[in-house]
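# 3D model of this:
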Amino acid sequence: MIIDCHTHAWEYWPYQPSVPDHTSRGRVEQLLWEMDRIGVDQAVLVCARIDHNPDNNDYGAECVKKYPGRLIQFADVDCSWTETYHQSGAADRLHKAAEKYQLKGYTHYLRNDYDWFESDEGIKFFEKTAELNLISSLALGSAWHPALRQLARRFPTINFLCHHMAGARAGEDPPNPNLQEILKSAEVPNIYIKLSGFHYVSQMSWDFPYSDTLWIVRKLYQHYGPERLCWASDYPPVRLHMTYQQSLEVVRKHCTFIPESDMELILGKNLQRLLKK
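Below you'll find the predicted structure:
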């Protein structure tokens with residue numbers, strides 16, 4: 001079982017510069033074709049109501065209904081680009097989204113208001129997350145990690161999934177203080193890391209297999225262990241930097257320090273376990 005824990009699908013391509021096939025390039029059928037071609041069994045649709053796609057949560061739900069057993073929806077709940085970002089009523093909006101879309105998790109992209117986790121609204125939001133037994137998939141950088149550790153300790157039943165190696169960067173100067181913050185979060189057992197976004201982490205976004213990033217993956221593996229790492233592609237944005245297959249092989253073939261038994265956990269079994277909780 002191989003599960004891609006971070007993909008997107010849109011009815012209208014959201015990025016600039018514009019593309020000639022804007023109504024088809026981001027559609028879920030493109031993702032499923034790629035998955036079938038290389039043997040990926042399931043994928044998490046991380047919804048993002050960005051440009052041209054205010055109804056992306058609804059589209060994600062349609063995709064799950066149309067292709068049962070292949071897709072899991074993580075709805076966009078108050079992400080940083082929305083008008084409701086960190087406004088009052090976040091817990092109620094989360095509850096409504098969870099009921100409407102029958103969620104197992106949601107995604108929340110953050111800005112730099114690092115005190116929100118400890119605010120009244122933030123606490124209510126994560127109390128609701130715990131009550132509904134949802135996975136919290138967070139887009140955040142290393143500066144968020146002190147607050148994330150405190151939050152994760154306060155809500156030990158919530159599993160937190162950090163996007164794209166949690167914001168690590170290969171170009172950081174020694175002693176790598178930002179990476180050290182990310183590694184310190186391994187002390188908290190309900191914080192997980194997505195092994196994805198190699199092109200973001202690398203100093204050269206085109207240079208597959210991103211050899212300047214592999215030491216960071218090794219550090220994450222050593223600190224978090226194989227049980228708290230999950231492979232992800234970041235499809236379709238990843239196509240600007242590498243193919244879908246390469247997004248898998250950069251982990252499966254080029255992270256040679258990870259034994260096969262541990263690789264099975266990272267490529268699917270870990271997320272499968274989280275989804276069943």
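# the helices in the stretch 1-150 of the chain, which residues?
28-38, 56-66, 90-101, 120-131, 145-154 (DSSP state H, counting those that start in this stretch).
# Kindly reformat those as CSV and extend each row with mean neighbour count, distance to residue 113 and mean pLDDT.
For the C-beta atoms, the positions are set from N, CA and C on the backbone; glycine is no exception. Output for the helices of the stretch 1-150 of the chain, formatted as CSV (neighbours: other Cβ atoms under 10 Å; distance: least, Cβ to Cβ, whole Å; pLDDT from 0 to 100):
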stretch, mean neighbour count, distance to residue 113, mean pLDDT
helix 28-38, 17, 32, 98
helix 56-66, 19, 23, 98
helix 90-101, 17, 13, 98
helix 120-131, 17, 9, 98
helix 145-154, 18, 10, 98
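# of all those helices, which lies closest to residue 262?
Set against residue 262 and scored by Cβ to Cβ, the helices of the stretch 1-150 of the chain come closest in helix 28-38, at 20.3 Å.
# Give me the distance from the closest one to the chain's centre.
19 Å (Cα atoms, centre = their mean, to the nearest Å).
# Also stretch 29-49?
14 Å.
# which residues of the chain fall in strands?
Using DSSP state E, the strands assigned to the chain run over residues 3-7, 42-46, 71-76, 105-109, 135-139, 160-162, 191-195, 229-231.
# would TSV of those strands with distance to residue 239 and mean pLDDT be doable?
Listed next are the strands of the chain as TSV, based on distance: least, Cβ to Cβ, whole Å; pLDDT from 0 to 100:
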stretch	distance to residue 239	mean pLDDT
strand 3-7	11	98
strand 42-46	15	98
strand 71-76	19	98
strand 105-109	20	98
strand 135-139	19	98
strand 160-162	22	98
strand 191-195	18	98
strand 229-231	17	98
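# Look up how far residue 93 lies from residue 87.
9 Å (Cβ to Cβ, to the nearest Å).
# Overlap in contacts, those two.
Applying Cβ atoms under 8 Å, 6 or more residues apart in numbering, one finds that residue 87 and residue 93 are jointly contacted by residue 78.
# isn't residue 85 right next to residue 111, touching?
Yes. With contact defined as Cβ atoms under 8 Å, residue 85 counts as touching residue 111 (7.3 Å).
# quick one, which of these two is more surrounded?
Neighbour count, other Cβ atoms under 10 Å: between residue 85 and residue 111, residue 85 has more, with 16 against 13.
# tell me the phi and psi of that one?
phi -50, psi 120 (degrees, to the nearest 10).
# Next one, pLDDT for the residue nearest to it when sequence neighbours are not counted please.
Excluding the flanking residues, the one nearest residue 85 by Cβ to Cβ, 6 or more residues apart in numbering is residue 78, at 5.4 Å. On pLDDT, residue 78 comes in at 98.
# Residue 78: how many residues sit nearby?
22.
# What are the neighbouring residues in contact with it?
Contacts of residue 78 by Cβ under 8 Å, 6+ apart are 84-87, 90, 93-94, 108.
# Nearest to residue 33 among the residues you listed?
residue 108 (29.1 Å).
# is it true that that closest one touches residue 139?
Yes. Counting by Cβ under 8 Å, residue 108 does reach residue 139; the two are 7.3 Å apart.
# Could I have the CA atoms of stretch 51-66 written out in CSV?
Coordinates of the C-alpha atoms in stretch 51-66 are reproduced here as CSV (Å, rounded to 0.1, in the frame of the first residue of the first chain):
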residue,chain,number,x,y,z
ASP,A,51,-7.1,31.8,-7.0
HIS,A,52,-10.0,30.8,-9.3
ASN,A,53,-11.0,28.0,-6.9
PRO,A,54,-13.2,29.2,-4.1
ASP,A,55,-15.2,26.0,-4.2
ASN,A,56,-12.2,23.6,-4.0
ASN,A,57,-13.6,21.9,-0.9
ASP,A,58,-16.7,21.0,-2.8
TYR,A,59,-14.6,19.8,-5.8
GLY,A,60,-12.5,17.7,-3.4
ALA,A,61,-15.7,16.1,-2.1
GLU,A,62,-16.9,15.4,-5.6
CYS,A,63,-13.6,13.7,-6.4
VAL,A,64,-13.8,11.4,-3.4
LYS,A,65,-17.4,10.4,-4.3
LYS,A,66,-16.4,9.8,-7.9
